[in-house]
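Engineer: Build me a model from this:
(chains A and B)
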Amino acid sequence: MKLTKSIRIKKGANLKIIGEASKILKKNILPSIFSIKPTDFFGLIPKLIVKEGDKVKVGTPLFYSKENPEITIVSPISGSIKSIIRGAKRKILELIIDSDSKNLKIKHDVTFQENDKHEVQKIKNLLLISGCWPFLKQRPYGVIADPNVSPKAIFISTIDKAPLGVDYDFILKSRIDDFQLGVNVLNKMSSGKVFLGLDKNFRGFFEKIKNVQMYDVQGPHPSGDVSFHIHKISPINPGEKIWTINPEDVANIGSFFKTGNYTPTRTIAIAGSVVKEPKYYETIIGSELKKFMKDSKVDNNIQVRCINGNVLNGKIESSDGFIGYFNNLISIIPEGNNYRMFGWLPFVDNKILSLSNTSLSWLFNRNGSEVNSNLNGEERALVVTGEMESFFPMDIYPMQLIKACLASDIEKMEGLGIYEVIPEDFALIDFSNTSKIEAQEIVRQGIELMIKEVG
Amino acid sequence: MKNFLRNKIDLIKRNFQKGEKFEKFAPAVNAFDTFLFVPNHTTQKGSHIRDAVDLKRTMVTVIIALMPVLIYGIYNTGYQYYIQTGESFTFLDAFYHGSLKIIPMIIVSYVVGLSIEFAFAVYRGHEVNEGYLVTGLLIPMIMPVDIPLWMVAISVAFAVLIAKEAFGGTGMNILNPALTARAFAFFAYPTYMSGNKVWVSEASNVDSISGETILGYLAAGQNIDYSVMDMFMGSIPGSIAETSTFWVIIGALILVLTGVGSWRIIVSGILGGAFMGFIFNLLGLNPLMEFSWINHLIVGGFAFGIVFMATDPVSAAQTNMGKWIYGFLVGVFCIMIRVFNPAYPEGVMLAILLMNVFAPTIDHYVINLNIERRKKRWSQDNLVKTI
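Structural biologist: Presented below is the predicted three-dimensional model:
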């Protein structure tokens, strides 16, 4: 093992929430309905290939990217297209697929000759036609990777310090070979190196992986988020591209090159204070949530909110919804639609999680707090200064960047570092800021503007 | 009780819902409602969970920090009056006398200021921001005790309209609104804002009562007969709540420990004031220059201004490095104006207003350093694309 660098992040905060998933993996639950959401892919405009009623196999393309038709998103299951749900302006929101339990797969030829000159192009083509390509995300902006570029580096973070975060070592320890194979494939596509971020306190099996540049990370959340690693190790300049990928998807790419079949394995943790038996499930991308919620005994008596991802930057999902494309965590928390009398007084309601010293939350929530979705106030003008900086471990002025996004000032956004961030990086700022400013949403709109105007 | 109240409010609010008759006035009703109850709003986008802190809690913390100085200020108003009349008095007598003077000022300030705030909230269709709760209390606290109520009202109206709403409301103002109110009164009604007949209660009505601030005495070249302890504890004439450095320190601790006030501005402000005072001590050309730098820090409005006015996050510098520069310069200019401009023996008001104007410039240069650093990295890597 070769460590290139050790990153120590000081700014940030670990939010301790009750209901973390215990290290139990359950495998045999297979739902009959699946869903793929084009909205899971930031910046993608979908063009449908299938229509309602079509039969699909595992690996059959469902839709492609309007901007880059080579990129297709494929079916994770064999069956038939049950319905295509559209929203305002006929925007495609969801493709619902009925499973036929036959598990028919599209097989690809993944054999290579020795010293093939066109190996890299071949790998790219295989990833594209198999449907593995969308696993790769590209910085700047966090969109699906562009097959026509050679990234200066590929980053994989095996750390999840977010509230209720998952343990990638636990998820992948039975797929070490797949992971190694995936890393080998990634290595061929980058002009630079493949970087693997490890938790300094617990490296797990990842420290045995070869063909990667490893680095250690320590510090509170968001120290696990890959943006901050890139910022410290290889900051993005205009024109440069870096790819990132979720550890489980590295293993999925590995499986594909081993078997020739698209492998949409997704291990999810169902966690949160209303989950009585929080644990891990191995299933497939897009699975319906119901069975897992029932199995993990989610409290039926209260109104809950299901979130694809963590409570800070996940996407809201109805309780009869589906698992998202990229996340390994389903957080389930109670809705907080209740009133609190005089709750605005300092040092009142200390049970509510708070990073501010106007609350005794740090004293009352030592064993983790029970969170809900209450806004705990109302949106106000930006008044308090300096608080965003203390939860944002980059050499970037977050408040000024947010203001530049609000003002659509492209030159300033560039100067202040818009290329180095994705909306999710602002999750902790969303949580902690006094004025209840929707930082992630503002930055998302800023990035959409950048994609449109600068590209 | 709680449910009963909640139901009643919901009943009243029905008339203010969208499409109803009083829809436009919803912000006004919401302002009252949200003071009783934190609303049941849930997160719709972004983070699904939110911190317990909000702007109300932050502002209320500032008000709590102001309470010790306010209570002492009320007492001191009575104290200054009774020691001049020679009557015997108790703490309660003094407090009662002060209350009679100061509570009406606070009521006028809140009524006038909040009326304008509510009107603008209804007009602009946004919720009422909580900033005025602090401003409205600060304004009477920094006025001379004998100022007529109508002057308080006009100063408040000027500050809220010109210093705040004209710039776009809370969060947008350049100048600290409370200090703008004082500056307005200072220039519009100078006879009520300086001299030896305004600082002690009833001095303007009763001939035998008078009193100059320490800085006023020094500016006039007279000696002072107050001890350092008097100055520190605050039993001296001055604007209502500025006199007691001791109780200001208690307020500062509340602000800093809760993280509501910027310790950077407070520390750098004190450093700046001490630095300038020390330089002047070395020169020692007039009584104000000779006045020890330590005493400079504890007399007049210096402590109050640095702790409660300079730290106003909207009008101060916003970057951490900017805060150091801003605070230091507030301290420097405060002492400099005191010493060089005997017409305005108290410099803290003008120093803070001056630095309020320069704060965006300081931030601009600090942020530009960051931008330059990034651009340098781009060109070092020879990868700048001409866009």
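Engineer: Identify the residue nearest the residue nearest to the spatial centre of chain B in space, chain neighbours excluded?
Structural biologist: By C-alpha atoms, centre = their mean, the mean C-alpha position of chain B lies nearest to B:Met309, the distance being 3.8 Å. Leaving aside its sequence neighbours, B:Met309 sits nearest to B:Ile352 (C-beta to C-beta, 6 or more residues apart in numbering or on different chains; 5.2 Å). Every residue, glycine included, has its C-beta placed from N, CA and C.
Engineer: rewinding a little: quick check: phi and psi on the residue nearest to the centre of chain B?
Structural biologist: Main-chain torsions, B:Met309, degrees, to the nearest 10: phi -100, psi -50.
Engineer: Then A:Leu95?
Structural biologist: Backbone torsions of A:Leu95, given as degrees, to the nearest 10, read phi -110, psi 120.
Engineer: ok so, going back, so the residue nearest to B:Met309, which state does it fall into?
Structural biologist: helix (DSSP: H, G, I helix; E, B strand; the rest coil).
Engineer: host element of B:Glu117?
Structural biologist: Using DSSP states H and E, B:Glu117 sits within helix B:91-124.
Engineer: whoops, I mixed them up, B:Gly221
Structural biologist: Applying DSSP H and E, one finds B:Gly221 in no helix or strand.
Engineer: What separation do you get for it and chain A?
Structural biologist: B:Gly221 sits 42 Å away from chain A, going by C-beta to the nearest C-beta, to the nearest Å.
Engineer: Apart from its neighbours in sequence, what residue is nearest that residue?
Structural biologist: B:Gly221 sits nearest to B:Pro287 (C-beta to C-beta, 6+ apart), 5.7 Å away.
Engineer: tell me the SS of the closest residue to A:Asp116 other than its chain neighbours?
Structural biologist: Nearest residue to A:Asp116, sequence neighbours excluded (C-beta to C-beta, 6+ apart): A:Lys122, at 6.6 Å. Per three-state DSSP, the local secondary structure of A:Lys122 is helix.
Engineer: still on that earlier bit, tally of neighbours for the residue nearest to B:Gly221?
Structural biologist: 16 (other C-beta atoms under 10 Å in any protein chain shown).
Engineer: just checking, it touches B:Leu218?
Structural biologist: Yes: B:Pro287 is in contact with B:Leu218 according to C-beta atoms under 8 Å; the separation is 5.0 Å.
Engineer: contacting residues for the closest residue to chain B within the stretch 51-200 of chain A?
Structural biologist: Residue of the stretch 51-200 of chain A nearest chain B, by C-beta to the nearest C-beta: A:Pro163 (7.8 Å). A:Pro163 makes contacts with A:15-17, A:221, A:310-312, A:331, A:371, B:49, as judged by C-beta atoms under 8 Å, 6 or more residues apart in numbering or on different chains.
Engineer: Would you mind listing which of the residues you listed are buried?
Structural biologist: Buried residues within the contacts of A:Pro163, defined by neighbour count using 16 or more other C-beta atoms under 10 Å in any protein chain shown: A:15, A:17, A:221, A:310-312, A:331, A:371, B:49.
Engineer: now, which of the residues you listed sits nearest A:Leu127?
Structural biologist: A:Leu127 lies nearest to A:Asn310 out of the buried ones among the contacts of A:Pro163, by C-beta to C-beta, at 27.5 Å.
Engineer: Name the nearest residue to the closest one, sequence neighbours excluded.
Structural biologist: Of all residues not flanking A:Asn310 in the chain, A:Ala162 sits nearest, at 4.0 Å (C-beta to C-beta, 6+ apart).
Engineer: For that neighbour, grab phi and psi.
Structural biologist: Dihedral angles for A:Ala162 - degrees, to the nearest 10 - are phi -70, psi 160.
Engineer: again with A:Glu282
Structural biologist: phi -100, psi 120.
Engineer: just for chain B, where's the confidence low?
Structural biologist: B:342, B:381-387 (pLDDT under 70).
Engineer: residue ranges of the strands in it, please?
Structural biologist: Ranges of strands in chain B, per DSSP state E, are B:37-38.
Engineer: quick one, phi/psi of A:Pro46?
Structural biologist: phi -80, psi 140.
Engineer: Report the contact partners of it.
Structural biologist: Counting by C-beta under 8 Å, 6+ apart, A:Pro46 has contacts A:38, A:63-66, A:73, A:92.
Engineer: who wins for neighbours among those?
Structural biologist: Neighbour tally across those (other C-beta under 10 Å): the maximum, 24 neighbours, falls on A:Ile73.
Engineer: That one: which element?
Structural biologist: Using DSSP H and E, A:Ile73 sits within strand A:72-74.
Engineer: What is that strand packed up against?
Structural biologist: Judged by 3 or more C-beta pairs under 8 Å, 6 or more residues apart in numbering or on different chains; DSSP states H and E, strand A:72-74 is in contact with strand A:61-65, helix A:119-130.
Engineer: need the next SSE after the last one, C-terminal direction.
Structural biologist: If I follow you right, that is helix A:119-130. Counting by DSSP H and E, what follows helix A:119-130 is strand A:137-139.
Engineer: Parallel or antiparallel, which strands does that following strand pair with?
Structural biologist: strand A:143-144 (antiparallel), strand A:242-244 (antiparallel) (DSSP bridges).
Engineer: mind listing the helices for chain A?
Structural biologist: A:119-130, A:168-172, A:176-189, A:226-233, A:247-259, A:290-295, A:361-364, A:398-406, A:410-416, A:427-432, A:439-453 (DSSP state H).
Engineer: chain center to the fourth one, what's the gap?
Structural biologist: For helix A:226-233, the separation from the chain centroid amounts to 16 Å (computed by C-alpha atoms, centre = their mean, to the nearest Å).
Engineer: same question, stretch A:190-207
Structural biologist: Taking C-alpha atoms, centre = their mean, one finds stretch A:190-207 lying 18 Å from the centre of the chain it belongs to.
Engineer: circling back to that earlier point, now distance to B:Ala343 too, for the contacts of A:Pro163, in CSV please.
Structural biologist: Shown next, in CSV, are the contacts of A:Pro163 (distance: C-beta to C-beta, whole Å):
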residue, distance to B:Ala343
A:Leu15, 55
A:Lys16, 59
A:Ile17, 60
A:His221, 56
A:Asn310, 61
A:Val311, 59
A:Leu312, 56
A:Ser331, 64
A:Val371, 58
B:Ile49, 55
